[in-house]
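1. from the sequence below, what's the structure:
(one chain, ligands or ions: 2)
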Amino acid sequence: MWPYPKVIAHRGGGTLAPENTIAAMRCGLDHGFRAVEFDVMLSRDAIPVAMHDPHFGRTVRGAGNVSDFTADQLLAMDAGTWFGPGFAGEPVAAFRQILEFCRRNQVWMNIEIKPAPGFERETGTVVAEMTREFFAAEIAAKGMAGGAALRPGEIDPTLPLFSSFSFDALVAAKAAAPEIPRGYLVDRIAADWRSRLAELEAIALHTNHKHLSPGQAKEVTQAGYGLFCYTVNTPERAREILSWGVDAFCTDRIDLIGADFC
Ligand code: G3P
Ligand code: MG
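-> Numbering: from 1, shown residues only. Ligands and ions are numbered 1, 2, ... in the order given. The predicted structure is shown next:
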């Protein structure tokens, strides 16, 4: 149930570049990564942009909520200076720019839908609609339009995967782009994980490796789901969770853990 790459660059370039920017995507690619995870949030005018925090202050200077600013305003903001002077002026990236970058460079995407509080459904819908339109030719070529639930072996590894901590965002994404697979993100695996994945018709569970046990890994993979972990930053830990049957993980240390790690 995991036809995608095993090692994924977290937020584009991990610790080597300002997260969720085009510079980060370029950094991941320069390090040999053809698979990337990034976070997507809506602007006030409902345009998806690459952003992790719903508030300014960490990666973008200032105060206030991302959702109070239009895309034009956000895309003019500096998302690089916080990281280092070499990235001064690196702007906030539009989701669309990242889609284009990844297509141009054949980079697979784990698109994390990261709604600002209160915008869960809207974010899921808009991100899914834009992605579906962007991949319309691929979806049509596979005869997938209509979006029946995927079975093992039917997943197109060239299509991205949506992930989110927001169940509601994924419900909305499923309705708007049923052909694009979903992974449900949880910090800890709760007792209801099977029913949650079933309701989403998800193909994978994404979880924090820090709380995962070998027994849980076995349960998830034996149930026929992909198992993805975030964020694994040492080769020793990566080897350990892979030995438990974890299918894939993202890493901030793209300098220590290569795309061909095994
Ligand atoms: O998608 C995995 C990981 O990115 C989830 O946590 O906070 O880095 O978005 P966060
Ligand atoms: Mg993320």
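2. let me see the contact set for the residue in the stretch 1-150 of the chain positioned nearest to ligand 1.
-> Nearest residue of the stretch 1-150 of the chain to ligand 1 (Cβ to the nearest ligand atom) works out as residue 112 at 4.4 Å. Bear in mind the C-beta positions are built from the backbone N, C-alpha and C, glycine included. Listed by Cβ atoms under 8 Å, 6 or more residues apart in numbering, the contact set of residue 112 reads 37-40, 162-164, 185.
3. for it, I want the exact helix or strand it lies within.
-> strand 108-113 (DSSP states H and E).
4. and the average pLDDT for the following helix or strand past that strand is what?
-> Sequence order places helix 120-134 as the next helix or strand after strand 108-113, per DSSP H and E. Averaging pLDDT along helix 120-134 yields 98.
5. between strand 108-113 and helix 120-134, find me the angle.
-> Going by axes from the mean of the first three to the mean of the last three Cα atoms, to 10 degrees, helix 120-134 is angled at 150 degrees with respect to strand 108-113.
6. number of residues surrounding residue 45?
-> 11 (other Cβ atoms under 10 Å).
7. same check on residue 213?
-> With other Cβ under 10 Å as criterion, residue 213 counts 10.
8. gap between it and residue 192?
-> Residue 213 sits 17 Å away from residue 192, going by Cβ to Cβ, to the nearest Å.
9. how about the strands in the stretch 151-262 of the chain?
-> With DSSP state E, counting those that start in this stretch as the criterion, the stretch 151-262 of the chain has strands at 161-164, 182-186, 204-208, 226-230, 248-251.
10. so which bits of the stretch 101-250 of the chain are right by ligand 1?
-> 112, 163, 185, 206, 230-231, 250 (Cβ under 6 Å from any ligand atom).
11. what's the separation between residue 106 and residue 29?
-> 9 Å.
12. what is the nearest of the contacts of residue 112 to residue 24?
-> residue 38 (7.8 Å; Cβ to Cβ).
13. of the strands of the stretch 151-262 of the chain, which stretch is the most buried?
-> strand 161-164 (a mean of 28; mean count of other Cβ atoms under 10 Å).
14. mind checking how far it is from the chain centre?
-> Computed by Cα atoms, centre = their mean, to the nearest Å, the chain-centroid distance of strand 161-164 equals 5 Å.
15. ok, now stretch 156-164?
-> That offset, for stretch 156-164, works out to 9 Å (Cα atoms, centre = their mean).
16. equivalent analysis for stretch 223-234, please.
-> Worked out by Cα atoms, centre = their mean, stretch 223-234 lies 13 Å from the chain centre.
17. does residue 57 touch residue 66 like I think?
-> No - using Cβ atoms under 8 Å, residue 57 makes no contact with residue 66, being 10.8 Å away.
18. higher neighbour count, those two?
-> Set residue 57 next to residue 66 and count neighbours by other Cβ under 10 Å: residue 66 wins out with 24 against 11.
19. so where is the protein shaky, pLDDT-wise?
-> Low-confidence segments of the chain (pLDDT under 70): 145-153.
20. how close does the closest residue to ligand 2 within the stretch 151-262 of the chain get to residue 106?
-> Proximity of the stretch 151-262 of the chain to ligand 2 (Cβ to the ion) peaks at residue 230, 7.0 Å away. Look at residue 230 and residue 106: by Cβ to Cβ, they are 23 Å apart.
21. ok, residue 62 next?
-> In terms of Cβ to Cβ, residue 62 sits 36 Å off from residue 106.
22. before we move on, what about residue 37?
-> According to Cβ to Cβ, residue 37 and residue 106 sit 16 Å apart.
23. what do you get for residue 235?
-> In terms of Cβ to Cβ, residue 235 sits 26 Å off from residue 106.
24. name the residues linked to the residue in the chain positioned nearest to ligand 1 by a beta bridge.
-> Of all residues in the chain, residue 230 sits closest to ligand 1, at 3.6 Å by Cβ to the nearest ligand atom. Residue 230 forms beta bridges with residue 208, as assigned by DSSP bridges.
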